[in-house]
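Undergrad: here is the input, now give the coordinates:
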Amino acid sequence: MAQAAVKKVRKAPGTDTLKRLFALSGNQCARPGCPTVLMSAEGTLVAEVAHIAAESEGGPRWDAKLSQEERRGFENLLLLCPTCHTLVDKDPVKYKKSTLRQWKRDREARFEAIGDLLQKSYLNEITDDANTIGATLPKDLAAYTSFLTARGETPFIDEDTPREIADYVEKLRHLVAEDRQLMVAVIEKALALGGRRESEHGITVHIDDLKTIRINHSRLSSHRIGKLAKTLDRHNLGSIDADDQEYELFISGLGNNLSWSELMAFAESKGTTLHALLVDLKFGLLD
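TA: Take a look at the predicted model:
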């Protein structure tokens, strides 16, 4: 009995290969001058995967030196519209392998370059606000020392003070601007209330006293206060203290002779506010 011929099964290109072909096609037929889009705005797909060297023996531009994997590989494929695909396969003498390879190179080089630019653009758009804040640090606090002396105070400023301020600014730098703005509002509120809310360690205010503060026309909520407290605690800048079920928000200070009331008075003497220090991080003003 004669043995039946074994029919070779065509093996389609891999998914990754197809994705790459479409990504570099620019959604346009690879034949120069052909205006056909490969997928319409309505989602109609007309693209056909064309082989530069035939997929099987007897096909257009057959190359016996290629393996099956090479014939179905990325380098041997390009995307054409149905009309151009028919055209090049009916006339393989005119449309040689070298011609089709040139079409492929030209088309993909153009969109590969665009892809690289888009990727670089995307990466350039990824920033960390902590790295883009134009913070300035003091060197000797000469201006601040003169300010305190003029007020009749004896400044306790030494060579360690600039480093201590730099450490505090480094913590502030990792807070979002909205949290630093809220810190300013809390400090100003505590100072406005007066009393014994300030110490050499920082400033404390009862959370109920903060609910007159408004953010975007809405009263400051307990939830937002709690969220700020957790952020401050995480960065060693403050905490919520509970005493007999009375909750107070504590914001740490910068050290001796650097109380919030003194810093606010200094800022006002320079025609600015605590915002310049805590939000803009312009502690270089102290020089």
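Undergrad: the stretch 1-150 of the chain: helices as residue ranges?
TA: In chain order, the stretch 1-150 of the chain shows helices spanning 15-23, 68-71, 82-90, 97-125, 129-132, 142-150, with DSSP state H, counting those that start in this stretch as the criterion.
Undergrad: same list (these) but as a markdown table, adding mean neighbour count, mean pLDDT and distance to Leu278.
TA: Glycine gets a C-beta too; all of them are placed from N, C-alpha and C. A markdown table is the format used below for the helices of the stretch 1-150 of the chain (neighbours: other CB atoms under 10 Å; pLDDT from 0 to 100; distance: least, CB to CB, whole Å):
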| stretch | mean neighbour count | mean pLDDT | distance to Leu278 |
| --- | --- | --- | --- |
| helix 15-23 | 14 | 83 | 47 |
| helix 68-71 | 14 | 88 | 63 |
| helix 82-90 | 16 | 92 | 65 |
| helix 97-125 | 13 | 72 | 28 |
| helix 129-132 | 10 | 63 | 15 |
| helix 142-150 | 15 | 94 | 15 |
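Undergrad: do you know which of these lies nearest Arg234?
TA: helix 129-132 (14.0 Å; CB to CB).
Undergrad: in JSON lines, list the helices of the stretch 1-150 of the chain along with distance to Ala166.
TA: Shown next, in JSON lines, are those (distance: least, CB to CB, whole Å):
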{"stretch": "helix 15-23", "distance to Ala166": "47"}
{"stretch": "helix 68-71", "distance to Ala166": "60"}
{"stretch": "helix 82-90", "distance to Ala166": "66"}
{"stretch": "helix 97-125", "distance to Ala166": "29"}
{"stretch": "helix 129-132", "distance to Ala166": "15"}
{"stretch": "helix 142-150", "distance to Ala166": "15"}
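Undergrad: quick one: closest of these to Met183.
TA: Met183 lies closest to helix 129-132 among the helices of the stretch 1-150 of the chain, at 15.8 Å (CB to CB).
Undergrad: what about the strands in the stretch 101-250 of the chain?
TA: Listed in chain order, the strands of the stretch 101-250 of the chain (DSSP state E, counting those that start in this stretch) span 198-199, 202-206, 214-215, 218-219, 238-243, 246-252.
Undergrad: would you list those in CSV and tack on mean neighbour count?
TA: Formatted as CSV, the strands of the stretch 101-250 of the chain follow (neighbours: other CB atoms under 10 Å):
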stretch, mean neighbour count
strand 198-199, 15
strand 202-206, 19
strand 214-215, 12
strand 218-219, 10
strand 238-243, 14
strand 246-252, 18
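Undergrad: out of those, which is closest to Lys97?
TA: Using CB to CB, the strands of the stretch 101-250 of the chain put strand 214-215 closest to Lys97, at 67.7 Å.
Undergrad: mind putting the strands of the stretch 101-250 of the chain in CSV, distance to Thr149 included?
TA: Output for those, formatted as CSV (distance: least, CB to CB, whole Å):
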stretch, distance to Thr149
strand 198-199, 21
strand 202-206, 24
strand 214-215, 38
strand 218-219, 42
strand 238-243, 30
strand 246-252, 25
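Undergrad: any chance of these in JSON lines, plus distance to Ser146 and mean pLDDT?
TA: Putting those into JSON lines (distance: least, CB to CB, whole Å; pLDDT from 0 to 100) gives the following:
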{"stretch": "strand 198-199", "distance to Ser146": "23", "mean pLDDT": "88"}
{"stretch": "strand 202-206", "distance to Ser146": "24", "mean pLDDT": "93"}
{"stretch": "strand 214-215", "distance to Ser146": "36", "mean pLDDT": "83"}
{"stretch": "strand 218-219", "distance to Ser146": "41", "mean pLDDT": "86"}
{"stretch": "strand 238-243", "distance to Ser146": "30", "mean pLDDT": "84"}
{"stretch": "strand 246-252", "distance to Ser146": "26", "mean pLDDT": "92"}
